[in-house]
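1. Predicted model, plus sequence, below.
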Amino acid sequence: LIILACISLLLAAIYQQFSNKEDILSLLQQGEPAAVEFQEISGVYKTYELRDENGNFLSYGVMTSASGYGGPIKMLTFVDQEGFIANALLLEDSETPLYLKRVLAAGYPENLQGKVVTEPLVDQEGIDAVSGATRTVEGITLAVEKGMYQIGQNQLGLTVPTLKTFYFQWQDGLVILLLVIAILAATLKKSKLRPWILVATVFILGFMENNSLTIGNYMSILALKMPTFFERPIWYVMVIGIFFVTLLLGRNIYCSWLCPFGAIQEGIYKSLNLVDYKANPKLIQTARKNRWFFLWLAALLALLFNNPGIASFEPFSVFFDGDGNTSQWIMMGLILLFSIFLLRFWCRIFCPVGTFLDFLAVCKRKFKRFFRKKDEASGKPAVASCQRTTLMDKEKCTSCSKGKPEEVQLSGGDKIVAVGIFIIWALILGA
């Protein structure tokens, strides 16, 4: 099954590369229907001079990209001879469909038509922010500005503003500080700081920045659609930084110390759990195995549709931003309800990011054990230890137990949990 899963992902990647070939003329005609011929013009970004069937000049078209929330946003911008935007098309994106839909409903990119190329778009009338999708709007406008400034300066000889090349806000600095404190506290085993750090993550990573790690972030790497470093440096700090911290330390620090949604669930469990219920370990272990199916499915869809944002089925944004479809709201309600009875219900049974980071940590530990065995073979003493028990799974690891675990019948509570798990699986597929 593992081999078949890998082959399917490889085939999806190959399909995506072949299906991504562009017919330039038909693409240009989407924004300038009268165009029958074009001439490519040299420049940093691909620029084309468009003419009609009589050879009359129509406009300049330029293809550019900038970093949105999930990865690159590719735009095709048309500028007329007078220095106004004639049209703007969204060609490709890596955004979560829910948030892109919100941006499109706000009028982007049609509202960019008629804007002058000699002023920043944000200073012009009708260019408004979209709540909850700020980075997507910034990606669209930045991509258009790159193209219109190039045409304004090179083809029209106009004076254009200097384009900002590095984007770093004070909120990003706050996120980095939180990451450093959490990693140091976890490494130095300062467990008394953990509750305070979790509270901080809820407000900073959750409500303030809505910047939880999603599997779509890592699918961006797989699909080679990562944002530009200078435009989204905090993305690299979060996604790449946590990747290497997990791999180097052999511990999934993010889920235990930094995940804001995990902190919410843990808070609900510790404050509202008044029932003495312990889930059947076999039920939890069986349910956890299905995380790999959803992880594989997310990767397959991201590659097939060339959009890593599709892979993000986590409920984080629904909770922290308050926006989602009916399925996502129902799923959110069920997760919070079952979190009263099971510690970190979503994290333990469904979370694809946790699955991926746990896998990295296990790889590091196996690598370490490999060298430990070499030391044993050479006569050096080795300390045996089990690192499978995690914060979310307080049950003892079955691989450390002698003999087979005792078979336990499913209780009434277990059957209710099982039904809830099946419903959430169905909602994930339907969302």
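-> Received the coordinates, thanks. All values reported here derive from a predicted model rather than from experimental measurement.
2. for stretch 221-234, what is the average pLDDT?
-> What stretch 221-234 shows for mean pLDDT is 89.
3. likewise stretch 71-80?
-> 94.
4. now that stretch, how far from the centre of its chain.
-> 22 Å (Cα atoms, centre = their mean, to the nearest Å).
5. what does stretch 152-163 give?
-> Using Cα atoms, centre = their mean, the offset of stretch 152-163 from its chain centre is 35 Å.
6. buried set for that stretch?
-> Within stretch 152-163, the residues that count as buried by 16 or more other Cβ atoms under 10 Å are 152, 154, 155, 156, 160. Backbone N, C-alpha and C define where each C-beta goes, glycine included.
7. ok, the first one - contacts?
-> By Cβ atoms under 8 Å, 6 or more residues apart in numbering, the contact set of residue 152 is 79, 83, 117, 118, 158, 160.
8. hang on, the earlier thing: so which two of the buried residues of stretch 152-163 are the farthest from each other?
-> 155 and 160 (11.3 Å; Cβ to Cβ).
9. before we move on, the earlier item: Throw the contacts of residue 152 into a markdown table and include secondary structure and distance to residue 351, thanks.
-> Converted to a markdown table, the contacts of residue 152 look like this (DSSP: H, G, I helix; E, B strand; the rest coil; distance: Cβ to Cβ, whole Å):
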| residue | secondary structure | distance to residue 351 |
| --- | --- | --- |
| 79 | strand | 45 |
| 83 | coil | 50 |
| 117 | coil | 45 |
| 118 | coil | 48 |
| 158 | coil | 51 |
| 160 | coil | 46 |
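10. follow-up on the earlier one: how about the buried residues of stretch 152-163 in TSV, adding distance to residue 298, secondary structure and pLDDT?
-> Shown next, in TSV, are those (distance: Cβ to Cβ, whole Å; DSSP: H, G, I helix; E, B strand; the rest coil; pLDDT from 0 to 100):
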residue	distance to residue 298	secondary structure	pLDDT
152	41	helix	93
154	42	helix	93
155	43	helix	93
156	45	coil	92
160	41	coil	90
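11. List just the nearest of the residues you listed to residue 230.
-> Of all these, residue 160 has the smallest distance to residue 230: 19.4 Å, by Cβ to Cβ.
12. Longest helix in the protein, by number of residues?
-> Using DSSP state H, we find that the single longest helix of the chain is helix 352-377.
13. Tell me the buried residues in it?
-> 352, 353, 354, 355, 356, 357, 358, 360, 361, 364, 365, 372.
14. Stretch 256-276 too?
-> Those would be 256-266, 268-269, for stretch 256-276 by 16+ other Cβ under 10 Å.
15. List the buried residues of stretch 416-431.
-> Those buried within stretch 416-431 under the rule 16+ other Cβ under 10 Å are 417, 418, 420, 421, 424, 425, 427, 428, 431.
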